[in-house]
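Trainee: The sequence and its predicted three-dimensional model are supplied below.
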Amino acid sequence: MSATETDQPSGSSSVRSAAPRPGWDAYFMTLAGEVAKRSNCRRRKVGAIAVKNRTIISTGYNGTPFGVRNCDAGGCLRCASDAPPGQSYDTCICVHAEQNAIALAARHGTSTEGAVIYTTHKPCFGCAKEMIQAGVTEAVYAEDLGYEPHLESVYSLLIQEAGLRMRQFSPERDSGS
Ligand SMILES: [Zn+2]
Ligand SMILES: [Zn+2]
């Protein structure tokens, strides 16, 4: 995995980049951002990575389910409508990035028990429930979407009672260890 020391051609130390080596949080969050670029949702591009023992076990981005026309090709009527962000989710057929990371792990027989999920956006209520049920122990997110207060209080209670650790990614706090 850490081939950085050995994959340098000999005598190339003078061209070595001065950029600091990213910490684990930054490493996985950057990759989650790359995964998000594959999203076919016309609303928002979200990426998630499931990690166990610092190894990626699954990835997911948001979009319509397999076999269904892509969201950006008109596959999801809700996303194509003028429904305000965060509303009318009952009719949204897009699978969320975190749901996809969990479902695709299940599909391939990979346990998510004890996994950490790195996601570009704060998990929604549904994704938080699914993470808990899939044995995910920690969620690290980059962007906070700012839920309405009444939802936030139920959300916090759920997270707290279930013991799901949740924190916002902070580049400054990432020690690089
Ligand atoms: Zn969509
Ligand atoms: Zn979600």
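Mentor: Received the coordinates, thanks. Bear in mind the structure is a predicted one, so any value in this text is a computation, not a measurement. Ligands and ions are numbered 1, 2, ... in the order given.

Trainee: Mind telling me what element the spatially closest residue to residue 89 that is not a sequence neighbour is part of?
Mentor: Computed as Cβ to Cβ, 6 or more residues apart in numbering, the closest residue to residue 89 that is not its neighbour in sequence is residue 78, at 7.4 Å. Where you see a C-beta, it was placed from the backbone N, CA and C, and this is true even at glycine. Using DSSP states H and E, residue 78 sits within helix 77-80.

Trainee: if you average pLDDT over that helix, what comes out?
Mentor: Helix 77-80 carries an average pLDDT of 93.

Trainee: same question, stretch 100-118
Mentor: Here the average pLDDT along stretch 100-118 is 98.

Trainee: next one: stretch 159-172
Mentor: 94.

Trainee: list the buried ones in it?
Mentor: 159, 164, 166, 169 (16 or more other Cβ atoms under 10 Å).

Trainee: Could you pull up the residues touching the residue nearest to residue 89?
Mentor: 88, 89, 91, 92, 93, 94 (Cβ atoms under 8 Å, 6 or more residues apart in numbering).

Trainee: So which bits of the protein are right by ligand 1?
Mentor: Residues of the chain that fall close to ligand 1, judged by Cβ under 5 Å from the ion: 41, 71, 76, 79, 94.

Trainee: neighbour-wise, which of those residues leads?
Mentor: residue 94 (26 neighbours; other Cβ atoms under 10 Å).

Trainee: so what's it up against?
Mentor: With Cβ under 8 Å, 6+ apart, residue 94 has these contacts: 41, 43, 62, 63, 64, 71, 76, 78, 79.
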